[in-house]
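**Student:** Okay, here's the prediction I keep looking at, along with the sequence it came from:
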Amino acid sequence: MAAATWRRSGHNSAEADWRQRVDLAAAFRLAAMHDWHEAVANHFSFAVSDNGRQFLMNPRWRHFSRIKASELLLLDADDPTTMEQPGAPDPAAWNIHGALHRILPQARCVLHVHPPYATALSALADPTILPIDQNCARFYRRTAIDLSYGGVANTEAEGRRIAETLGANRRAILGNHGVLIVAPTVADAFDDLYYLERACRTLVLAWSTGRPLNVMPHDLAEHTARAWEAYPSYAAAYFDEMKRILDGQDGSYAE
């Protein structure tokens, strides 16, 4: 392996560990396919220990379209020597993802990117996702808004602030920055990210017409959001289909 790894204790079966690696590697490849990535920045992680503090993450400055399952770093959020190790992760990635996995046990899978439309929305004074269609309504009152951007996350304090802002939410619009998704599985997180960027695209395009928005009333928006939550197997089915597309194009992500 080209990238360094850290050992963890209390792990699940080797087969389950490998499946998690493959799913996370697929998410990187698919993010590149959808143009959500940015140069060799942005990061995904997945907790592999029961307490959530040992996690997989992409190696430093590797393009999303080239990441393989075997190359993912295995890190410990409680290890203060992580950044001193050979092959240490990107500092901003460590500060954000390390804090999330250390502070929020429910943050099993964490996807952080700067996709075009969601990042454009994050640059507005009010980046709320208004419920103007059913995709937008999926996030109605279910997304944290962070308007206290502190610059590039090169300190532990900035990562801790982001984790505290997210709190019990699964999604966050990071003002002047991008978006953050946490979920119990890679499939759930990827599905959320896909629909979040779609929702932001719809909102930005609707605003670009200069005409008034037709915003759903509260009861309708809430009803639509709950309807989304009634499709528990939808995300897994979508992610499996996307992996089949990857397999047909380049299955090296699973190596």
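**Tutor:** Sure thing, it's come through. Numbers count the residues shown, from 1 in each chain.

**Student:** For the residue lying closest to residue 133 once chain neighbours are set aside, list the residues it contacts.
**Tutor:** Of all residues not flanking residue 133 in the chain, residue 202 sits nearest, at 5.6 Å (C-beta to C-beta, 6 or more residues apart in numbering). In short, each C-beta sits where N, CA and C put it, glycine included. Going by C-beta atoms under 8 Å, 6 or more residues apart in numbering, residue 202 touches 132, 133, 135, 136.

**Student:** got a winner among the residues you listed for most neighbours?
**Tutor:** residue 136 (27 neighbours; other C-beta atoms under 10 Å).

**Student:** separation between the residue nearest to it when sequence neighbours are not counted and residue 132?
**Tutor:** Once flanking residues are discounted, residue 136 sits nearest to residue 199: 4.4 Å by C-beta to C-beta, 6+ apart. From residue 199 over to residue 132 the distance is 9 Å, taken as C-beta to C-beta, to the nearest Å.

**Student:** ok so, going back, hang on, the residue nearest to residue 133 in a helix?
**Tutor:** Yes. The assignment for residue 202 by DSSP: H, G, I helix; E, B strand; the rest coil puts it in a helix.

**Student:** Now do the same for it: its pLDDT.
**Tutor:** pLDDT for residue 202: 98.

**Student:** now residue 7
**Tutor:** On the pLDDT scale, residue 7 gets 38.

**Student:** partner residues bridging the residue nearest in space to the middle of the chain?
**Tutor:** Centrality entry for the chain: nearest residue to the mean C-alpha point is residue 111, 1.3 Å, by C-alpha atoms, centre = their mean. The partner list for residue 111 in beta bridges (DSSP bridges) reads residue 44, residue 181.
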